Structure formats: C-alpha cells, structure tokens
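Undergrad: Need a 3D model of the sequence below.
(chains A and B)
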Amino acid sequence: MTEAIQKTVQPIGVATAALETKRLSAWFGDLHVVKDISLTVEKNDVFSLIGPSGCGKSTFIRCLNRLHEETDGARVRGEVLIPGAGKRENIYAQGVDPVSIRRRVGMVFQKPNPFPGLSIFDNVAAGLKLAGVVRRNVLEEIVEISLVQAALWDEVKDKLKKPGTSLSGGQQQRLCIARALAVRPQVLLMDEPTSALDPISTARIEELVMKLRSDVTVLIVTHNMQQAARISNQTAFFLMGELVEVGPTKSIFTKPKDSRTEQYITGRFG
Amino acid sequence: MLRQFEVELRELKNRILAMGGLVEEAIEKSTLLLGSRDQSGFTQLKSIERKINEENMMIDSICLEVLARLSPVAADLRLILAIIKINTDLERMGDQAMNIGYNVDHYIEDGGVDLKLNLPHMAGLVKKMVRDSLDAFMKDDIALAEKVLQSDDEVDQFKNSVFEKMVTFMRTSPDQIGPALDMILVARNLERMADHATNIAEDVIFACTGEDVRHGTGKAKK
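TA: Coordinates of the predicted model:
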C-alpha cells in the first residue's frame, strides 16, 4: 500500500470498525489476485468497491467471509478482523469455524440464487434452521422481520408457501437479501447485486441498501459508477489486485487523489 | 478513439471560446462609442449581445444534455461545472457591455464633454483579462489563471481613481453631474466585467485542480 493511501486510511478504534483487513492477500494457485490490502470499514458504512474486471474486488470480498478458500487451489494470507465478544476476532485465526463467520458476514451474489424447490418462507428460514432455530413462532417472526427489512413483505406476505423461484428477478434478489439478513449478520457483502436487474428493481435494491445501513454494514462490489456514487459513503478503487485509493465517495467522484482512479472513473480505461 | 465525452467537450470548449470572442468584441464596441457619435456602433453592439445571449442558451442546453446522458465525474464533472459558470459570466459581461452602451448614449446626449479618464485603457485591461482567462481555460493553464486574479487589482484601482476624479469634478462642476455619473457607471461596468473574468480564472483553477480558490480561500493569490 502506498504512503498516500496509508494516510487516507486512518486507524479506527474497535468501537467504530465493522471490519478491518490487515495485509490481506489472496491467490488462485500461483496467481496473486489480491495484494496486501489493508483497509478499515466503519460500522454502518455503505462501502463500495470499484475497479475494472479482474482487479480482484470480488475475490477480496469473498475473502471477507472465507468463501474464497472454497475454490480449489485458492489461498489467503493476512488478517480480517471483525468485532466479536468484547474484542476483535481474526476470522482466519486457527480454530475459527468458517460457517459461523458466514452467519456474521453474509453475502448476496450477482445473480439471485433462491434455493430451488424451497418456498419463499423456507428460503428465508433456511439459515435460521441451520443455526438450530426450530420454534415455529420464532421462525415466523424472524422471517417476517427479514422480509420487511428487505422491502419484500408486502409483495409476498400472502404467498409465503410459493416457490422462491416463482418471484421476479428483482424480488428474488430481495428474497436473497432477506435470507442473508435473517441470521442477523454484522456485515453484508454484495457482489454486483443489481447487474442482472432492470432499472426499477435496481432502484429498489439501492433504496434498500441505504435503509439497511442503520442495521448492518454493507460492502458492495459494483461496476456501475453512478451506483457507487449514489449509495455509498466510502469508496475504494482496486486495480490489478491492489488498493489504489480509498476515501469518502464524494472525494473519489469529485477530486480523486490518484490519477489512475481519475482515469478509471472518467472512462479513460477499464 | 475519443471518448464521447471528449467529443462533446471539444464542442463546448470551442463554443465558450467563440462566445468569449463575442464578449471581447462587445467590450471593444462599447468603449469605442465613447469617442464616436455614430449610432451604428450601438446597433452593432446590440446585435453582438443578442448573439451572446443565443450562445448562452445553446451552451446551457448542451451542458444539460451532457449531464443527463453522460453523468460525468471527477475532472469531467468539474469541467462541466466550470463551463456552466463561465457561460453565465460571459453572458453577464455581454449585459455589462450593453449597459456601457446605454451609459455612453446618455453621456453623449448630455454633451459628451471629454473628462480625460482614459477609459479605453481600462477597457483594454479588462479585454486582456477576458482573453487570458479564456486562454487559461482552453490550455488548462493554472499560472495564467492566477495572473488574471492578480490583474483584477489594477482594474479595481483604475475604477477607484475614476470614482475619485469624478467626485472631485462633480464638486467643482455641479452642472456636469450627468456626464460624470455616466462615466462612473462605465467604469463600474468595466470593473464588474473584470470580476467576471476573475470568476472564470477561478473556475479554471477549480476545473484543473479541484481547489476552490473563490473569496480568497485557496492558495492562489487574489
């Protein structure tokens, strides 16, 4: 990381940081795709990651809930710290269960992926059941809260037993967000969550993200510059696996410090 | 291949430059009226001002379209913002040239006595500021923009000296208050034009660096 970036990323206290990476690197076999990234995301931030295809931003967020290691030949080095019981916990520390991390750091993918064959209700309840929640009234309450949070309740409350896959693309994506929210994550990772959606569905997801920030910290990978500008308060620009610049979205989109950021966001490359 | 934004930008920059040319011509025409009783100059000035107004509306319309279609960011956004503001400054300068035309018209009606103020010299200073500010805009020349900011002091001093001379003159020649007031207004309009050229220079610095130097807040010395 350059000196300029180190200056931008101020050390943030335990109380306000939702997530911090320390010298995080990731590989696919010998290919070094995420290079030594140190950054801090504050609680209740909507934090955008932008950069050209292949710059490592999706791999980076997949490292934040230990999903990257599920790929054959993939490995990670460095630390990812999230607040635990009274202290910060490195999710890559020995003995940490990746499944428990994925409950605390949820993820929504580019293409909506409701569980096929499961009803709308069961899609949202799936994570809770895996976590051992069995009481019907508890499940019902959390499913409703999660669907309300995901701005989907009014549209599906009368058809909870219908298959999740029967919904429209935009509704399916909000169902996936409800499913992720049901297990009460501290952080929600979103990997291009609107790239497969029409403008109206995109606008609904964007509105939803802005509302969610009061409950959960959101990291969002997007190729849509205007989306990053609209919904996030912090933005990081990645290039060839490196973090080039991070700072308030307003600064990145009006007066970026690094000429590579400027060239990318103004469409001169990438 | 040029980005679409750069194609649109080139057109906008050329339009601003052409509009600046019209403003310079308007300043020239308005001050030439001081030494002439030929009304055709005023007619020409009105025609130039009409063209400035048309260009002002056309540039605004193109900027609106660029913002809507291309959603510029960073340096592109700063540049569009600067163009919108420069466009307004140039249009206002056209209005001020017209004001001078009316002031001079009135002055000639009042007898057109020579008050030895050398206002064409002041107009020359203002025209140079306008030209330099637009050159700085076209060439992204921050040093030239800063020079324009410094030139404003000279124009302010000239205006103050005109005001002082005219106040003294009115005390000693109360029957000549009309022409003296006309010349005060001419100097005032020229000084306002210099302020607009200063605004353009400030916008150039903002577009190039992102630094807002208005109201003496930046590093650039005003």
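
Undergrad: Quick check: which ranges of the chain have low pLDDT?
TA: No chain specified, so I'll use chain A. Within chain A, the segments meeting pLDDT under 70 span A:1-15, A:270.

Undergrad: my bad, chain B
TA: For chain B (pLDDT under 70), the answer is B:1-2, B:37, B:218-222.

Undergrad: Now do the same contact list for whichever residue of the stretch 1-150 of chain A sits closest to chain B.
TA: Closest contact between the stretch 1-150 of chain A and chain B, by Cβ to the nearest Cβ, is at residue A:50 (10.9 Å). Placement of C-beta: from N, CA and C, glycine included. Shown in contact with residue A:50 (Cβ atoms under 8 Å, 6 or more residues apart in numbering or on different chains): A:57, A:221, A:222, A:223, A:225, A:228, A:235, A:236, A:237, A:238, A:264, A:265.

Undergrad: Assign the nearest residue in space to residue A:234 that is not next to it in sequence to helix, strand or coil.
TA: Leaving out its chain neighbours, the residue that sits closest to residue A:234 by Cβ to Cβ, 6 or more residues apart in numbering or on different chains is residue A:47, at 4.7 Å. Following DSSP: H, G, I helix; E, B strand; the rest coil, we place residue A:47 in the strand state.

Undergrad: Could you do residue A:26 as well?
TA: The three-state label given to residue A:26 by three-state DSSP is strand.

Undergrad: Flag every residue of chain B that's near chain A.
TA: Residues of chain B lying close to chain A by Cβ under 8 Å from any Cβ of the partner chain are B:3, B:5, B:71, B:72, B:73, B:74, B:75, B:76, B:77, B:78, B:210.

Undergrad: Pick the one among these closest to chain A.
TA: For those, the nearest to chain A is residue B:210 (3.4 Å; Cβ to the nearest Cβ).

Undergrad: neighbouring contacts of stretch A:224-233?
TA: The contact list for stretch A:224-233 (Cβ under 8 Å, 6+ apart) reads A:45-48, A:50, A:194-195, A:202, A:206, A:209-210, A:220, A:222, A:235, A:248-249, A:253, A:265, B:71, B:73.

Undergrad: Give the buried residues for that stretch.
TA: A:224, A:225, A:227, A:228, A:229, A:230, A:231, A:232 (16 or more other Cβ atoms under 10 Å in any protein chain shown).

Undergrad: So which of the residues you listed belong to helices?
TA: Applying DSSP state H to the buried residues of stretch A:224-233, the entries found in helices are A:225, A:227, A:228, A:229, A:230, A:231.

Undergrad: Spell out, range by range, the strands that occur in chain A.
TA: All strands of chain A, identified by DSSP state E, fall at A:17-28, A:31-42, A:46-50, A:74-83, A:88-90, A:105-108, A:187-191, A:217-221, A:234-239, A:242-248.

Undergrad: Tell me the most packed of the contacts of residue A:50, by neighbour count.
TA: Among these, the one with the most neighbours (other Cβ atoms under 10 Å in any protein chain shown) is residue A:57, at 30 neighbours.

Undergrad: Pull the contacting residues for the residue nearest to that one when sequence neighbours are not counted.
TA: With Cβ to Cβ, 6+ apart as the criterion, residue A:57 has its nearest non-adjacent residue at 4.2 Å, and that residue is residue A:49. Neighbouring residues of residue A:49 by Cβ under 8 Å, 6+ apart: A:57, A:60, A:61, A:219, A:220, A:221, A:222, A:235, A:236, A:238.

Undergrad: So what's the residue count around residue 208?
TA: I went with chain A, as the question did not name one. Other residues close to residue A:208 by other Cβ under 10 Å number 20.

Undergrad: Switch to chain B, please.
TA: Residue B:208: 18 surrounding residues under other Cβ under 10 Å.

Undergrad: Give the closest residue to residue 71 in space, chain neighbours not counted.
TA: With no chain named, the answer covers chain A. Take residue A:71 and drop its neighbours on the chain: the residue closest to it by Cβ to Cβ, 6+ apart is residue A:28, 6.9 Å away.

Undergrad: think we crossed wires, I meant chain B
TA: Spatially, and ignoring its direct neighbours in sequence, residue B:71 is nearest to residue A:226 (5.4 Å; Cβ to Cβ, 6+ apart).

Undergrad: swap in residue A:243?
TA: Using Cβ to Cβ, 6+ apart, the nearest residue to residue A:243 is residue A:37, at 4.9 Å.

Undergrad: Chain B: helices as residue ranges?
TA: B:4-32, B:40-70, B:74-109, B:119-139, B:142-172, B:177-209.

Undergrad: and which of the ones in helices among the buried residues of stretch A:224-233 is nearest residue B:27?
TA: residue A:229 (40.5 Å; Cβ to Cβ).

Undergrad: quick one: the closest one and residue A:206, what's the gap?
TA: From residue A:229 across to residue A:206, the span is 11 Å (Cβ to Cβ, to the nearest Å).

Undergrad: isn't residue A:36 right next to residue A:21, touching?
TA: No. Contact between residue A:36 and residue A:21 fails when scored by Cβ atoms under 8 Å: they sit 9.7 Å apart.

Undergrad: Mutual contacts of these two, please.
TA: By Cβ under 8 Å, 6+ apart, the residues touching both residue A:36 and residue A:21 are residue A:78.

Undergrad: So those two - more neighbours on which side?
TA: Legend: neighbour count by other Cβ under 10 Å for residue A:36 and residue A:21, higher for residue A:21 (22 against 16).

Undergrad: The more buried one against residue A:37, yeah?
TA: Yes. Between residue A:21 and residue A:37 there is a contact under Cβ under 8 Å: 5.5 Å.

Undergrad: Find the residues that touch each one of those two.
TA: By Cβ under 8 Å, 6+ apart, the residues touching both residue A:21 and residue A:37 are residue A:78.

Undergrad: Please enumerate the helices of chain A.
TA: Using DSSP H, helices in chain A cover A:3-8, A:57-63, A:98-104, A:120-130, A:136-149, A:153-156, A:169-182, A:199-212, A:225-231, A:249-254, A:259-265.

Undergrad: Looking at these, which is nearest to residue B:203?
TA: Of the helices of chain A, nearest to residue B:203 by Cβ to Cβ is helix A:249-254, at 14.5 Å.

Undergrad: Which strands and helices lie in contact with that closest one?
TA: The contact analysis (3 or more Cβ pairs under 8 Å, 6 or more residues apart in numbering or on different chains; DSSP states H and E) places helix A:249-254 against helix A:225-231, strand A:234-239, helix A:259-265, helix B:74-109.
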